[in-house]
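**Student:** this one's structure only:
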């Protein structure tokens, strides 16, 4: 039986919810565009003691978290991998491939897929970068539109700009194999990007979100509007598109499409320039979304306003103002367990409950991960470490199991219980920091840092 997100959240605790969808065995990955994935060695037993830290990065990590958390981290990683294997890898009728999801009900989302696969990249597990992706691309409409979810058709909500980044994430782990994209899938990726820029109704070069729901920030109505509003040019949307264009340039380069590489990079540069022209508010020292129908900035302080740092589209001066005056302000975003999804100064700020998907104050992994990397890109390394440390403490010390999102003031878990999706990134952000690694970097050499540094492997068969 397929249940939706709200229905599942309104039911009882995770064990019962898992039972409703359980019993799904891990199927072999089939019909893969790249070569089949090699089997990985078995993970350590659930009750096994963690080995002593042996690398410079793990010694620093151990010094930060202590013996108990060091042991707990290994147990959490093994447990999350077990949940992901048993419940997150599944088949659905009519689809031959095994698909990946972070949710216990049968649905498969857009940016979730990117961050779920980023977690798997810590182990060098790349096939699920391509299973859902090709299924989404195969369902593309003639005009380039791709619904942002597989099961429920959302005919007006285009897949968020993470597909090309997902391709790069997977290909980097598989010997830079981009050849399978030639023709069909490369053309489909190009069409989906063209479709994104068709949502630019005032022709200023910056497209609009369908709504806060389509943006992935479920109830940020005061920022991105209600369903099918199509009026808010998102700072986050422009940032994701910049990175998506850069990723397409990486793909084009590997396929020998020299002219496309230049065009994609030039377009990314143009969007970055437009972002700084239209979204920056000099008086507040903040990037805001813009309502293209009223030609006014939407002065709602959201964590999504920090996405230009992830895209490296902000000037150093503007980054300094925004980070020091707003992001690191305890009166706005830097709560006890940052980053709050809305500033505490917003009139509709609140922390929510486990029976909703609240983006008006609670802390969420997708934005937190991007802000973490954005801080590093602009040289705010101590702040990035502080963020990663607090998120580690919140997810490992304060909560017995991984949760979908958290109360940014108390650290209490909210949403899905016993989660195995994007929030698992919290377990490895501090390791990324100490290993001087950025899993989201489009050009850096790939490293399976959890396997490399902690000796934990993800068993795919």
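**Tutor:** That came in fine, so what should we check first? Quick caveat: nothing in here was measured; it's all calculated off a predicted structure. Numbers count the residues shown, from 1 in each chain.

**Student:** ok, residue 350 to residue 398 distance?
**Tutor:** Residue 350 is 20 Å from residue 398, where distance means Cβ to Cβ, to the nearest Å. Using the backbone N, CA and C atoms, a C-beta is placed for each residue, glycine as well.

**Student:** can you check residue 133 too?
**Tutor:** Distance of residue 133 to residue 398, computed by Cβ to Cβ: 34 Å.

**Student:** Looking only at neighbour counts, state which of those two leads.
**Tutor:** residue 133 (24 against 15; other Cβ atoms under 10 Å).

**Student:** Contact partners for the more buried one?
**Tutor:** Contact analysis of residue 133 by Cβ atoms under 8 Å, 6 or more residues apart in numbering lists 113, 163, 166-167, 170.

**Student:** Just list the residues touching residue 231, thanks.
**Tutor:** Here residue 231 is in contact with 208, 225, 291-293 (Cβ under 8 Å, 6+ apart).

**Student:** Show me the shaky parts of the protein.
**Tutor:** Applying pLDDT under 70 to the chain flags residues 1-47, 461.

**Student:** Swap in 90 and give it another go.
**Tutor:** For the chain, the stretches with pLDDT under 90 are 1-49, 352-356, 417-418, 459-461.

**Student:** if we can go back for a sec, between all of the contacts of residue 231, which two are separated the most?
**Tutor:** Spanning the widest gap among these are 225 and 292, at 11.1 Å by Cβ to Cβ.

**Student:** Neighbour count for these two, which is higher?
**Tutor:** Higher neighbour count among residue 225 and residue 292: residue 225, with 25 against 21, using other Cβ under 10 Å.

**Student:** Now do the phi/psi pair for the more buried one.
**Tutor:** Main-chain torsions, residue 225, degrees, to the nearest 10: phi 90, psi 170.

**Student:** which residues does it contact?
**Tutor:** So residue 225 contacts 209, 211-212, 231-232 (Cβ under 8 Å, 6+ apart).

**Student:** try it again with 7 Å
**Tutor:** By Cβ atoms under 7 Å, 6 or more residues apart in numbering, residue 225 lies in contact with 211-212, 231-232.

**Student:** all strands of the stretch 301-450 of the chain, in order?
**Tutor:** 405-406, 413-414 (DSSP state E, counting those that start in this stretch).

**Student:** Check the stretch 151-300 of the chain too.
**Tutor:** Remark: strands assigned in the stretch 151-300 of the chain by DSSP E, counting those that start in this stretch are 232-233, 280-281, 286-287, 289-291, 296-298.

**Student:** The fourth one pairs with which strands, parallel or anti?
**Tutor:** I take that to be strand 289-291. In the sheet, strand 289-291 lines up against strand 232-233 (antiparallel), strand 296-298 (antiparallel) (DSSP bridges).

**Student:** Would you tell me which of these gets closest to residue 197?
**Tutor:** strand 232-233 (11.7 Å).

**Student:** roughly how far out does stretch 426-446 sit from the chain middle?
**Tutor:** Stretch 426-446 sits 14 Å away from the centroid of its parent chain (Cα atoms, centre = their mean, to the nearest Å).

**Student:** what distance separates the start and the end of that stretch?
**Tutor:** End-to-end distance for stretch 426-446, by Cα to Cα, to the nearest Å: 19 Å.

**Student:** who touches that stretch?
**Tutor:** Residues contacting stretch 426-446 (Cβ under 7 Å, 6+ apart): 57, 60-61, 64, 73, 76-77, 118, 121-122, 168, 172-173, 246-247, 250, 365, 369, 372-373, 376, 384-385, 388-389, 391-392, 395, 447, 449-450, 453.

**Student:** make it 6 Å
**Tutor:** Residues from elsewhere that reach stretch 426-446, judged by Cβ atoms under 6 Å, 6 or more residues apart in numbering: 57, 60-61, 76-77, 118, 121-122, 168, 172-173, 246-247, 250, 372-373, 385, 388, 391-392, 395, 447, 449-450, 453.

**Student:** With mean neighbour count and distance to residue 273 as new columns, can the strands of the stretch 151-300 of the chain be given to me in TSV?
**Tutor:** Below are the strands of the stretch 151-300 of the chain laid out as TSV (neighbours: other Cβ atoms under 10 Å; distance: least, Cβ to Cβ, whole Å):
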stretch	mean neighbour count	distance to residue 273
strand 232-233	26	14
strand 280-281	16	11
strand 286-287	26	14
strand 289-291	24	15
strand 296-298	17	17
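
**Student:** could I get the ones you listed as a markdown table with distance to residue 357?
**Tutor:** Output for these, formatted as a markdown table (distance: least, Cβ to Cβ, whole Å):
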| stretch | distance to residue 357 |
| --- | --- |
| strand 232-233 | 19 |
| strand 280-281 | 28 |
| strand 286-287 | 24 |
| strand 289-291 | 20 |
| strand 296-298 | 21 |
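
**Student:** Of all the ones you listed, which one is nearest residue 343?
**Tutor:** Nearest of the strands of the stretch 151-300 of the chain (Cβ to Cβ): strand 286-287, 9.6 Å.

**Student:** how far is that closest one from where the chain is centred?
**Tutor:** How far strand 286-287 lies from its chain's middle: 22 Å, per Cα atoms, centre = their mean.

**Student:** ok, now stretch 379-390?
**Tutor:** 18 Å.

**Student:** How about it, which residues are buried there?
**Tutor:** Within stretch 379-390, the residues that qualify as buried are 380, 383-385, 387-388, 390, counting by 16 or more other Cβ atoms under 10 Å.

**Student:** for those residues, which one is nearest residue 89?
**Tutor:** Using Cβ to Cβ, the buried residues of stretch 379-390 come closest to residue 89 at residue 388, 27.3 Å.

**Student:** and the closest one, what is it in contact with?
**Tutor:** Counted by Cβ under 6 Å, 6+ apart, residue 388 has contacts 372, 429-430, 433.

**Student:** Which of the contacts of residue 133 has the largest number of neighbours?
**Tutor:** In those, the most neighbours by other Cβ under 10 Å go to residue 113, 29 neighbours.

**Student:** before we move on, what SS does it have?
**Tutor:** Three-state call for residue 113 (DSSP: H, G, I helix; E, B strand; the rest coil): helix.

**Student:** Isn't it up against residue 132?
**Tutor:** Yes - judged on Cβ atoms under 6 Å, residue 113 makes contact with residue 132 at a distance of 5.2 Å.

**Student:** Specify the helix with the largest residue count in this protein.
**Tutor:** helix 56-83 (DSSP state H).
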